[in-house]
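*Asks:* Sequence plus the predicted model coming up.
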Amino acid sequence: MKAMLLRRPGAPLQEAALPDPVPGPDQALLRVRACGVCRTDLHVADGELRHPKLPLVLGHEIVAEVVVSAGRFSPGDRVGVPWLGWTCGHCAYCLSRRENLCDAARFTGYDVDGGYAELCVADERFCFPIPEAYGDVEAAPLLCAGLIGFRALRLAGDAARVGLYGFGAAAHIVCQVAVAQGRTVHALTRPGDDDAQAFARSLGAAWAGDTSERPPEELDAAILFAPAGELVPLALGHVGKGGAVVCAGIHMSDVPSFPYELLWGERVVRSVANLTRADGEEFLAVAPGVPVRTGVEAVPLAAANEALARLRSGTVRGALVLVV
């Protein structure tokens, strides 16, 4: 099969011809139709997530057709493969419905090969049927950007006024969900990113500005998608007493020290770690009813390096999706 292979962090992906994967117990053999390009892929490729399997096929926003199933699906079914690829099922986290925190978890495109390839295998217990309302390319960003955004919004509680810091793949999805829930959304982008601000307003944000500005009203919660630690104290200064700052990324630069006064008043800073299968099932049931519309640009598999470079530069509006 054709694949884009990461041989070492910091090096470009290489086009490679690899043996077709063979499914093991509980696994399905899948023909990849589309795979989203996620910021987590960038963190792996750049060496910021430091212990990947190598060599590695990146990609964990996979929309695929079942070729061979272990029993859950039928050949020809369309399924999604997310970041969470396997958990032990018997640790304290798994037994308390927190499988996203399992210490033995394996992640797609990190511990096991992902979707920057023509074929992949996946534990079908962790795969999701794709809603018929979405095409392959449109569905791909739902499988990580959508799932993590949805979990982050849930961890923000019943906040009526929500700030989204960074307006990329995840934020453009969660903005639509939050607006549909009756929340007021304020979007903050990097300074000068007028296009992202206009995009946020087009999706229902009540206000959009940059991080050098203050939102026009006090926030009940801030969700940080940009991996910039300096945004934590900034966001704490924007939320009211009892408010939450939710850090939604898997990696973030160091958070600078800040005065306790910013945290006082029962404000909370918390992270989002991975996802559960329940998150996926709930979000993929909710998304068509909103309806969530993903802003996507399809690019060929061979252009994976260019796609990662564009994501690194911050010039992507919505999400990039590799078409296989």
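*Replies:* Yes, it's here.
*Asks:* Downstream of the strand ranked longest in the chain, the next helix or strand is which one?
*Replies:* With secondary structure taken from DSSP state E, the chain has its longest strand at strand 27-37. As assigned by DSSP states H and E, the chain's next helix or strand after strand 27-37 is helix 39-45.
*Asks:* Partner strands of the helix or strand following that next one and their direction?
*Replies:* Using DSSP H and E, the next helix or strand after helix 39-45 towards the C-terminus is strand 56-57. Paired strands of strand 56-57, with direction, are strand 2-6 (antiparallel) (DSSP bridges).
*Asks:* next helix or strand past the strand it pairs with?
*Replies:* Downstream of strand 2-6, the first helix or strand assigned by DSSP H and E is strand 14-17.
*Asks:* now the longest strand of the chain: how far from the chain's centre is it?
*Replies:* Distance of strand 27-37 from the chain centroid (Cα atoms, centre = their mean, to the nearest Å) equals 16 Å.
*Asks:* mind listing what's buried in it?
*Replies:* For strand 27-37, burial by neighbour count (16 or more other Cβ atoms under 10 Å) applies to 27-30, 32-37. Every C-beta, even on glycine, is put in place using the N, C-alpha and C of the backbone.
*Asks:* Could you give me the buried positions within stretch 98-115?
*Replies:* Buried residues in stretch 98-115, defined by neighbour count with 16+ other Cβ under 10 Å: 99-100, 102, 105-115.
*Asks:* distance between the ends of it?
*Replies:* Stretch 98-115 stretches 25 Å from its first residue to its last (Cα to Cα, to the nearest Å).
*Asks:* Now do the strands in the stretch 51-200 of the chain.
*Replies:* Under the criterion DSSP state E, counting those that start in this stretch, the stretch 51-200 of the chain contains strands at 56-57, 62-68, 78-81, 84-86, 106-107, 119-123, 128-129, 161-165, 184-189.
*Asks:* what packs against the longest strand of the chain?
*Replies:* strand 62-68, strand 78-81, strand 119-123, helix 136-139, helix 304-313, strand 319-323 (3 or more Cβ pairs under 8 Å, 6 or more residues apart in numbering; DSSP states H and E).
*Asks:* which one of the ones you listed lies closest to V269?
*Replies:* When those are compared by Cβ to Cβ, helix 304-313 sits nearest V269, at 25.9 Å.
*Asks:* Can you tell me the closest non-neighbouring residue to E99?
*Replies:* Of all residues not flanking E99 in the chain, T87 sits nearest, at 4.4 Å (Cβ to Cβ, 6 or more residues apart in numbering).
*Asks:* Make a markdown table from the buried residues of strand 27-37 and add distance to S212 and pLDDT to it.
*Replies:* Below are those laid out as a markdown table (distance: Cβ to Cβ, whole Å; pLDDT from 0 to 100):
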| residue | distance to S212 | pLDDT |
| --- | --- | --- |
| Q27 | 49 | 98 |
| A28 | 48 | 98 |
| L29 | 50 | 98 |
| L30 | 45 | 98 |
| V32 | 41 | 98 |
| R33 | 41 | 98 |
| A34 | 36 | 98 |
| C35 | 35 | 98 |
| G36 | 30 | 98 |
| V37 | 28 | 98 |
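*Asks:* from these, which is closest to R8?
*Replies:* Lowest distance from R8 to the buried residues of strand 27-37 (Cβ to Cβ) belongs to V37, with 19.5 Å.
*Asks:* got a list of what the closest one touches?
*Replies:* For V37, the contact set (Cβ atoms under 8 Å, 6 or more residues apart in numbering) comprises 59, 61, 299, 304, 307-308, 311, 319-322.
*Asks:* What's the separation between D41 and E118?
*Replies:* Separation of D41 from E118 (Cβ to Cβ, to the nearest Å): 17 Å.
*Asks:* Sorry, slip of the keys, the one I care about is S212.
*Replies:* 45 Å.
*Asks:* Between those two, which has more neighbouring residues?
*Replies:* Ranked by neighbour count (other Cβ atoms under 10 Å), S212 and E118 place E118 first, with 17 against 10.
*Asks:* Next up, the contacts around the more buried one.
*Replies:* Applying Cβ under 8 Å, 6+ apart, the residues near E118 are 1-3, 31-32, 301, 324.
*Asks:* Could you report the neighbour count for the residue nearest to R31 when sequence neighbours are not counted?
*Replies:* Spatial nearest neighbour of R31, excluding adjacent residues (Cβ to Cβ, 6+ apart): E65 at 4.6 Å. By the criterion of other Cβ under 10 Å, E65 has 15 neighbours.
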